[in-house]
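# task: produce atomic coordinates for the following.
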Amino acid sequence: MKEFTKQLQHFPLELVFWIGSLVAILLLEPHAATHFSLCPLDQLGFSWCPGCGLGRSMNLLARGEFQESWSMHPLAMLAFVVIFSRIWQLIKNLKTTHNYG
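The predicted structure follows:
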């Protein structure tokens, strides 16, 4: 039991979060009329947000619909690069350090 709690303390929560976010993005339906939003500006009733459409744009990019992705949000490729580089960095940290947490 002590080993389990010790391993749980070193559990890479951020890594799980980023991988989970990529899975959630890939499971989106980008052409749905309405969608769930965590955007605080959307919750406050603002019609414009600099990040709105990024998740759907990333989904379209992953599906190979490049032109639609670009028209929805031009920074989708950059977002993929940033998320994948962070995941890579976290995995590398797991392999090289014994006290990740």
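# just the helices in the protein please.
2-9, 13-26, 40-43, 54-62, 66-72, 76-96 (DSSP state H).
# just the CA trace of the third one, in PDB.
So the one you mean is helix 40-43. Output for helix 40-43, consisting of C-alpha atoms alone and laid out as PDB, is shown next (Å, rounded to 0.1, in the frame of the first residue of the first chain):
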ATOM      1  CA  PRO A  40     -15.500  32.600 -19.600                       C
ATOM      2  CA  LEU A  41     -16.200  35.300 -22.200                       C
ATOM      3  CA  ASP A  42     -18.900  33.100 -23.800                       C
ATOM      4  CA  GLN A  43     -20.400  32.500 -20.300                       C
END
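# just the mean pLDDT for it, thanks.
When the per-residue pLDDT values of helix 40-43 are averaged, the result is 81.
# other SSEs contacting it?
Using 3 or more CB pairs under 8 Å, 6 or more residues apart in numbering; DSSP states H and E as the contact criterion, helix 40-43 has no neighbours among helices and strands. Every residue, glycine included, has its C-beta placed from N, CA and C.
# list the buried residues of it.
Taking 16 or more other CB atoms under 10 Å as the neighbour-count basis, helix 40-43 is seen to contain no buried residue.
# also the fifth one?
Of the residues in helix 66-72, those buried under the neighbour-count criterion (16+ other CB under 10 Å) are Ser69, Met72.
# which residues sit against that helix?
Residues outside helix 66-72 that contact it (CB atoms under 8 Å, 6 or more residues apart in numbering): Pro30, Gly53, Arg56, Ser57, Met58, Leu60, Leu61, Ala76.
# and those residues, which is closest to Lys2?
For those, the closest approach to Lys2 (CB to CB) belongs to Met58, at 41.1 Å.
# these two touch, right, the closest one and Leu75?
No - using CB atoms under 8 Å, Met58 is not in contact with Leu75; the gap is 9.3 Å.
# between those two, who's got more neighbours?
Met58 (25 against 16; other CB atoms under 10 Å).
# give me phi/psi at Gly51?
Its backbone dihedrals place Gly51 at phi -100, psi -10, with angles given as degrees, to the nearest 10.
# list the contacts of it.
With contact set as CB under 8 Å, 6+ apart, Gly51 has these partners: Cys39, His73.
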